[in-house]
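Peer 1: let's see this in three dimensions:
(one chain, ligands or ions: 2)
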Amino acid sequence: KSKSTSGLHVTQNNSYIQRIQINRSIPNANNNLPQKPATKPRKLPLTSSKSTPNFSQANNLKTQFQKQNQKQKVTHEEFKAALMCVTCDGDPTTHLKMIRKIGEGSTALVYLAVDKQNRQLAVKKMNLKKQQRRELLFNEVCIMRDYHHVNIVEMYSSFVVHDELWVVMEYLEGGALTDIVTRTGVTMTEPQIATVCKAVLQALVYLHDKGVIHRDIKSDSILLTSQGQIKLSDFGFCAQISPEIPKRRSFVGTPYWMAPELITRIPYGTSVDIWSLGIMVIEMVDGEPPFFNETPINALKMIKDCVPSKMRHSDQVSVVLRNFVNRLLTRTPSDRATAELLTRNPFLQLARDTPCLKPLLSKR
Ligand code: ATP
Ligand code: MG
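Peer 2: Numbering: from 1, shown residues only. Ligands and ions are numbered 1, 2, ... in the order given. The predicted structure follows:
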């Protein structure tokens with residue numbers, strides 16, 4: 001990729017121009033927040049059960065923090081204490097040894113680590129003070145822990161270490177799909193693209209059925225094992241919908257992959273993930289999403305202004321693939337296919353067993 005998507009996230013309801021420019025190179029995005037004295041009365045549910053608050057409880061915590069954050073009333077220490085209610089006790093540095101850095105995103109550094117039995121693990125470290133919306137860290141702790149699926153990265157534990165949240169999870173040796181789609185000279189075949197789509201759709205059917213919207217579907221969020229198995233990761237931007245709150249409004253995601261309704265600020269549902277998957281299919285064909293040469297702001301504007309999100313190499317792909325992408329990149333959300341419906345799309349019949357992806361890995 002000529003451009004990294006790190007730091008391109010947008011996570012606020014307004015002023016996205018300013019938000020896009022905030023990235024992890026800024027030492028402390030919360031520095032300008034007034035720090036309240038630690039003796040301030042506690043208004044947050046810090047007493048919630050240490051055992052296993054489920055995602056909806058964590059979501060309540062998240063919502064409360066959002067409201068409190070807006071009023072700038074939550075100190076760093078209070079926030080950290082609340083996060084410690086949902087993470088494990090103990091010091092992971094006593095049993096985990098960091099080997100090397102394996103990834104970097106807009107909110108985190110990811111390390112390969114080994115435990116005392118010499119098992120390889122991945123540790124995602126997020127600085128509490130460098131988050132645009134720190135309440136989203138509850139997602140990092142609760143989603144992978146509570147939702148288990150063969151196509152979702154398995155999480156083992158989480159800790160608060162000094163001013164960082166550490167999430168310990170399975171290590172996916174094959175790395176991110178981005179490494180494959182951006183490597184020069186590598187072209188994915190249609191059966192390989194279908195195999196990836198099938199796995200991601202299976203994860204989405206599972207999540208959407210539970211009312212979870214991922215909100216950051218892109219090749220960077222798709223990880224592979226050395227055997228070519230596909231797993232969805234990076235749940236930092238998830239949102240929960242329910243019969244009471246069936247739509248979300250926040251402006252969250254990575255610009256080039258964002259659905260038109262989200263950009264135009266229409267309340268949205270799970271179908272924003274389907275649009276982003278459509279953009280990810282284009283990444284698998286073209287190596288990058290549409291409008292990638294544009295600035296993020298221009299790209300958002302173009303998606304909003306109905307400039308078609310086209311595949312550059314559409315003449316080189318089958319009609320079946322083109323039709324599949326059209327079902328994903330339908331502008332009107334209610335006309336867009338659901339994950340469930342897409343699992344029966346003819347294109348997915350091209351999907352093979354996951355070892356078909358191994359040749360892509362061996363060229364790493
Ligand atoms: P983003 O800005 O893309 O949202 P982030 O800060 O939320 O990123 P992740 O996407 O979770 O961080 O991780 C960043 C990168 O680290 C991934 O794209 C991947 O290359 C690597 N990575 C993350 N988790 C794992 C894992 N379990 N095994 C192997 N590599 C991983
Ligand atoms: Mg993320």
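Peer 1: measure Asn118 to ligand 2 for me?
Peer 2: As judged by CB to the ion, to the nearest Å, Asn118 and ligand 2 stand 29 Å apart. For glycine as for every other residue, the C-beta is placed from the backbone atoms N, C-alpha and C.
Peer 1: what pLDDT is listed against that residue?
Peer 2: Here, the pLDDT recorded for Asn118 equals 96.
Peer 1: do the same with Gly175
Peer 2: For Gly175, pLDDT reads 94.
Peer 1: ok, now the one 5 residues further on?
Peer 2: According to the prediction, Ile180 has pLDDT 96.
Peer 1: ok, now the one 3 residues further on?
Peer 2: Here, the pLDDT recorded for Arg183 equals 91.
Peer 1: phi, psi of it?
Peer 2: Main-chain torsions, Arg183, degrees, to the nearest 10: phi -80, psi 130.
Peer 1: not counting sequence-adjacent ones, nearest residue to Lys97?
Peer 2: Sequence neighbours aside, Val114 is the residue nearest to Lys97 in space, at 5.3 Å (criterion: CB to CB, 6 or more residues apart in numbering).
Peer 1: residues touching the closest residue to Ser309 other than its chain neighbours, list them.
Peer 2: Excluding the flanking residues, the one nearest Ser309 by CB to CB, 6+ apart is Pro290, at 4.3 Å. Under the criterion of CB atoms under 8 Å, 6 or more residues apart in numbering, the neighbours of Pro290 are Tyr256, Ile279, Ile282, Ala299, Ser309, Lys310, Met311.
Peer 1: also Tyr147?
Peer 2: Phe55, Tyr206, Leu207, Lys210, Val212.
Peer 1: okay, those in JSON lines with pLDDT next?
Peer 2: Below are the contacts of Tyr147 laid out as JSON lines (pLDDT from 0 to 100):
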{"residue": "Phe55", "pLDDT": "56"}
{"residue": "Tyr206", "pLDDT": "98"}
{"residue": "Leu207", "pLDDT": "98"}
{"residue": "Lys210", "pLDDT": "96"}
{"residue": "Val212", "pLDDT": "97"}
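Peer 1: narrow these to those in strands?
Peer 2: Among the contacts of Tyr147, the residues falling in strands (DSSP state E) are Val212.
Peer 1: how about JSON lines for the contacts of Tyr147, with neighbour count and distance to Asn118 added?
Peer 2: JSON lines is the format used below for the contacts of Tyr147 (neighbours: other CB atoms under 10 Å; distance: CB to CB, whole Å):
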{"residue": "Phe55", "neighbour count": "22", "distance to Asn118": "32"}
{"residue": "Tyr206", "neighbour count": "18", "distance to Asn118": "32"}
{"residue": "Leu207", "neighbour count": "23", "distance to Asn118": "33"}
{"residue": "Lys210", "neighbour count": "15", "distance to Asn118": "35"}
{"residue": "Val212", "neighbour count": "23", "distance to Asn118": "34"}
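Peer 1: distance to ligand 1 added to the contacts of Tyr147, as a markdown table?
Peer 2: Formatted as a markdown table, the contacts of Tyr147 follow (distance: CB to the nearest ligand atom, whole Å):
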| residue | distance to ligand 1 |
| --- | --- |
| Phe55 | 18 |
| Tyr206 | 18 |
| Leu207 | 16 |
| Lys210 | 20 |
| Val212 | 16 |
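Peer 1: between all of the contacts of Tyr147, which two are separated the most?
Peer 2: The most widely separated members of the contacts of Tyr147, counting by CB to CB, are Phe55 and Tyr206 (13.1 Å).
Peer 1: let me know the pLDDT of the residue nearest to Pro255 when sequence neighbours are not counted.
Peer 2: Take Pro255 and drop its neighbours on the chain: the residue closest to it by CB to CB, 6+ apart is Pro296, 3.9 Å away. pLDDT, Pro296: 95.
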